[in-house]
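Undergrad: With the input below, show me the fold.
(one chain, ligands or ions: 1)
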Amino acid sequence: MKTIKITYILSFLLFISFTIQGFSQIKKDKKAIKYAKTIKAEEIKEKLYVYASDEFEGRGTPSKGQELAIKFLENHYVSNNISPLQKDNYFQVVPPPKRFEKLWGKSDIKPKNVIAYIEGDEHPDEYIIITAHLDHVGMEDGEIFNGADDDGSGTIAILEIAEAFKEASNKGHGPNRSIVFLHVTAEEMGLIGSRYYTDENPLVPLENTVANLNIDMIGRTDPERPKRNREYIYIIGSDKISQELHDINEEANNLYLNIDLDYIFNADDDPNRFYYRSDHYNFAKNGIPVIFYFSGTHEDYHQPTDTVEKIQYDLLELRARLIFHTAWELANRDDRIKID
Ligand SMILES: [Zn+2]
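TA: Below is the predicted model:
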């Protein structure tokens, strides 16, 4: 009698948990695993040591150092045979907003977003946009702010993710939807490059933009985080516009990575307001589902000491692979994710 009761209760609980969570959306995909593995800590490290080197002078807006950074991104896409989203080139010149006209209007260096893409096989007119900001805060009193974590980490993660998708595509494995790699400028001056893209000159229609995955600082661990396990990432905004996006990211993590997805900064009343503080916000305010991937601030945040040797490359690899898996699912699943 007792056993029967327990069995009954257990199956009832199982039924309830399925009903609450919805049935699993993702099936394990061996191809996804194969290409995710091409994202490697050593390759990330090699690229980041260039991107956050003194030669790039902290990638301030506008500056020669940022021009070098832009050239570096262009070279990556050219050498991997990944096309620009526009016909002729990878660049979207971003004009200065009024308050910065004096500072950068006179410079002959024109700040630019850098935009590459891989066309989808089945739904080429539906786009997943992956973003990171290419700029940092530049130099002050002769000191260089290298911005290895902010946002060298997100920038190089995109390059590796793009390479993985390209390799898959070369072998005839999708993506079914198009994937856009958008490196935005002037984030540090107030999300200017991403705002120009979404509000002034979106290169693909916003209504055909399925989701935006934004990566800003994923190379370190947060010293203030009460839980001390290393393998975590903060997830912000994932459930605000599309529960399906949130679920896909969770299931991709459960299936492939199993790192700790920490939602502490996703609370609506979070005093840090991180949801409003990086480039995904310009997509979210236009009704596009977003996820902001972030590993937290630290004592070197916006200091000349945010340097490459402090990056934890094994964690950066894991986090980049999670983003790849989520993007893979968004791009290859049968139906476009729904907005709530
Ligand atoms: Zn940043």
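
Undergrad: Show me where the stretch 51-200 of the chain has its strands.
TA: 83-84, 91-93, 112-118, 123-133, 139-140, 143-144, 177-184 (DSSP state E, counting those that start in this stretch).

Undergrad: of those strands, which approaches the ion most closely?
TA: strand 123-133 (5.6 Å; C-beta to the ion). Glycine gets a C-beta too; all of them are placed from N, C-alpha and C.

Undergrad: Mean confidence (pLDDT) on that closest one, please.
TA: Throughout strand 123-133, pLDDT has a mean value of 98.

Undergrad: let's number from 36 now, not from 1
TA: Let's use 36 as the start, then, which means that last one is strand 158-168.

Undergrad: Extract the C-alpha set from it and format it as CSV.
TA: Presented in CSV, the C-alpha positions along strand 158-168 are these (Å, rounded to 0.1, in the frame of the first residue of the first chain):
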residue,chain,number,x,y,z
HIS,A,158,15.8,30.6,-43.5
PRO,A,159,18.4,33.1,-44.7
ASP,A,160,16.1,36.0,-43.9
GLU,A,161,16.0,35.2,-40.2
TYR,A,162,19.0,36.3,-38.1
ILE,A,163,20.6,35.5,-34.8
ILE,A,164,22.9,38.4,-33.9
ILE,A,165,25.9,37.9,-31.6
THR,A,166,27.4,41.1,-30.2
ALA,A,167,30.4,42.3,-28.2
HIS,A,168,31.9,45.8,-28.1
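
Undergrad: neighbouring strands for it, and are they parallel or not?
TA: Strand pairing for strand 158-168, using DSSP bridges, gives strand 212-219 (parallel), strand 244-250 (parallel).

Undergrad: what's the angle between it and strand 147-153?
TA: Calculated by axes from the mean of the first three to the mean of the last three C-alpha atoms, to 10 degrees, strand 158-168 forms an angle of 140 degrees with strand 147-153.

Undergrad: residues from the chain in reach of the ion?
TA: 185, 186, 251 (C-beta under 5 Å from the ion).

Undergrad: go again using 6 Å as the cut-off
TA: 168, 185, 186, 222, 251, 252 (C-beta under 6 Å from the ion).

Undergrad: Can I get the buried ones among those as something I can paste into ChimeraX?
TA: The ChimeraX command for the buried members of the residues of the chain next to the ion (criterion: 16 or more other C-beta atoms under 10 Å) is given here:
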select :168,185,186,222,251,252
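
Undergrad: Among the residues of the chain next to the ion, which pair sits farthest apart?
TA: 222 and 252 (11.1 Å; C-beta to C-beta).

Undergrad: which residues do the two both contact?
TA: The contact sets of residue 222 and residue 252 overlap at residue 186 (C-beta atoms under 8 Å, 6 or more residues apart in numbering).

Undergrad: Tell me who's in contact with the residue nearest to residue 190 when sequence neighbours are not counted.
TA: Closest residue to residue 190 apart from its sequence neighbours, by C-beta to C-beta, 6 or more residues apart in numbering: residue 167 at 4.8 Å. Residue 167 is in contact with 186, 189, 190, 192, 193, 218, 219, 249, 250, 251, 314, counting by C-beta under 8 Å, 6+ apart.

Undergrad: Which one of the strands paired with strand 158-168 lies nearest to residue 76?
TA: Here strand 244-250 is closest among the strands paired with strand 158-168 (C-beta to C-beta), at 16.0 Å.

Undergrad: was I right about residue 163 contacting residue 245?
TA: Yes: under the criterion of C-beta atoms under 8 Å, residue 163 makes contact with residue 245 at 5.4 Å.

Undergrad: which of the two has more neighbours?
TA: Applying other C-beta atoms under 10 Å to residue 163 and residue 245 shows that residue 163 carries more neighbours, namely 28 against 22.

Undergrad: Who are the contact partners of that one?
TA: Each residue near residue 163 by C-beta under 8 Å, 6+ apart is listed here: 210, 212, 213, 214, 215, 245, 246, 248, 362, 365, 366.
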